[in-house]
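Trainee: Sequence and predicted structure below; questions after.
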Amino acid sequence: MSKKNLVIFSGAGVSAESGLKTFRDAGGLWEEFKIEDVATPEAWAKDPALVNNFYNLRRKQVMEALPNEAHKIIATLSNTFNIKIITQNIDDLHERAGSKDVLHLHGEIMKVRSSVDEKLISKLNKWEVKMGDRCEKGSQLRPHIVWFGEMVPEMDNAILIAEKADLFVVIGTSLNVYPAAGILNYVPQTALKWLIDPGEFNLDYVANLKHIKAVASEGMKIFKEQLQAVKL
Ligand code: OAD
């Protein structure tokens, strides 16, 4: 029998127990920094050194962080399911936990790209990108991040994945940022859905959705228990 399609849609909350800050919680990154100063094309045009420094610090923290129990449980689910992960996160903790099929909607902190040719992408194995580090076409390297106001090139691929979900798990996202948050609209009505997040949500309009109100590691354990009752 073929495996069912399980789709995980993750946000910053899945990496919180790894020590990485979320954006909109109390003490989150957007309290410390202004989006318009560090995460827009206009910010890059105005003060690239400030933007570069912001992402250097993010990269340093990601390199120091380790996958937590939630990332690890998600990785083990590939034994039972055809699992695909759609993440808004720029960290690589899903991959380092062993997950293979990870689509990054908002880019990847361990990659940089040319600022004149978006297809010229390269991997990094150090945290620091210096001002003056250039791509082969001679332009300053920029973080491989989707900034506010930019297109989300992987959105169409994410929709194709969501449309085929038999089970769909939303974990650790405030569902505030579009188009990413609109992914739920593409999940089949009939798919079983879970939301794992300690926050309050009003998602009454989403059919077949259970809210496990817990942090990511605990929530994934509860989810695994609830799977026992699901006919696969
Ligand atoms: P947010 O900071 O908006 O939301 C984080 C969510 O994680 C909230 O719903 C929290 O309740 C939840 N949370 C906090 N701690 C948790 C834990 N230990 N376990 C599970 N959940 C927890 O982050 P995102 O929704 O990921 O984009 O933000 C979406 C996008 O906005 C990001 O990708 C980033 C940001 O600006 C860009 O920078 C383009």
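Mentor: Thanks, I have it.

Trainee: where do the helices sit along the chain?
Mentor: Assignment of helices within the chain using DSSP state H yields the ranges 29-32, 35-38, 41-46, 48-64, 69-76, 93-96, 155-163, 216-227.

Trainee: I'd like the ones you listed written out as CSV, with mean pLDDT, mean neighbour count and distance to the ligand added.
Mentor: C-beta coordinates here come from the backbone N, C-alpha and C atoms, glycine included. Formatted as CSV, those follow (pLDDT from 0 to 100; neighbours: other C-beta atoms under 10 Å; distance: least, C-beta to the nearest ligand atom, whole Å):
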stretch, mean pLDDT, mean neighbour count, distance to the ligand
helix 29-32, 96, 14, 7
helix 35-38, 97, 16, 7
helix 41-46, 98, 15, 12
helix 48-64, 98, 17, 10
helix 69-76, 98, 21, 7
helix 93-96, 98, 21, 13
helix 155-163, 98, 17, 12
helix 216-227, 98, 18, 4
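
Trainee: Kindly present those helices as CSV, with separate columns for distance to R134.
Mentor: Formatted as CSV, the helices of the chain follow (distance: least, C-beta to C-beta, whole Å):
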stretch, distance to R134
helix 29-32, 28
helix 35-38, 21
helix 41-46, 15
helix 48-64, 12
helix 69-76, 34
helix 93-96, 27
helix 155-163, 29
helix 216-227, 38
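
Trainee: closest one to S122 among those?
Mentor: helix 48-64 (13.7 Å; C-beta to C-beta).

Trainee: now that closest one: how far from the chain's centre is it?
Mentor: Per C-alpha atoms, centre = their mean, to the nearest Å, the displacement of helix 48-64 from the mean C-alpha position of its chain is 17 Å.

Trainee: what's next to it, contact-wise?
Mentor: 19-20, 33, 37-39, 43-44, 90-93, 109-110, 124, 127-129, 131, 140, 142-143, 145 (C-beta atoms under 8 Å, 6 or more residues apart in numbering).

Trainee: Just the buried subset of the residues you listed, please.
Mentor: 20, 33, 38-39, 43-44, 90-93, 109-110, 124, 127, 129, 140, 142-143, 145 (16 or more other C-beta atoms under 10 Å).

Trainee: what's the closest residue to V215 other than its chain neighbours in contact with, if anything?
Mentor: Nearest in space to V215, with sequence neighbours left out and distances taken as C-beta to C-beta, 6 or more residues apart in numbering, is P198 at 5.5 Å. Residues near P198 by C-beta under 8 Å, 6+ apart: G13, K213, A214, V215.

Trainee: Filter the buried ones among the contacts of helix 48-64 down to the ones in strands?
Mentor: Among those, the members falling in strands (DSSP state E) are I109, M110, R142, P143, I145.

Trainee: list the contacts for the last one?
Mentor: Taking C-beta under 8 Å, 6+ apart as the criterion, I145 is in contact with A39, Y55, I90, H106, G107, E108, I109.

Trainee: and which of the ones in strands among the buried ones among the contacts of helix 48-64 is nearest to the ligand?
Mentor: Nearest to the ligand among these is I145, at 6.7 Å by C-beta to the nearest ligand atom.

Trainee: beta partners for the closest one?
Mentor: G107 (DSSP bridges).
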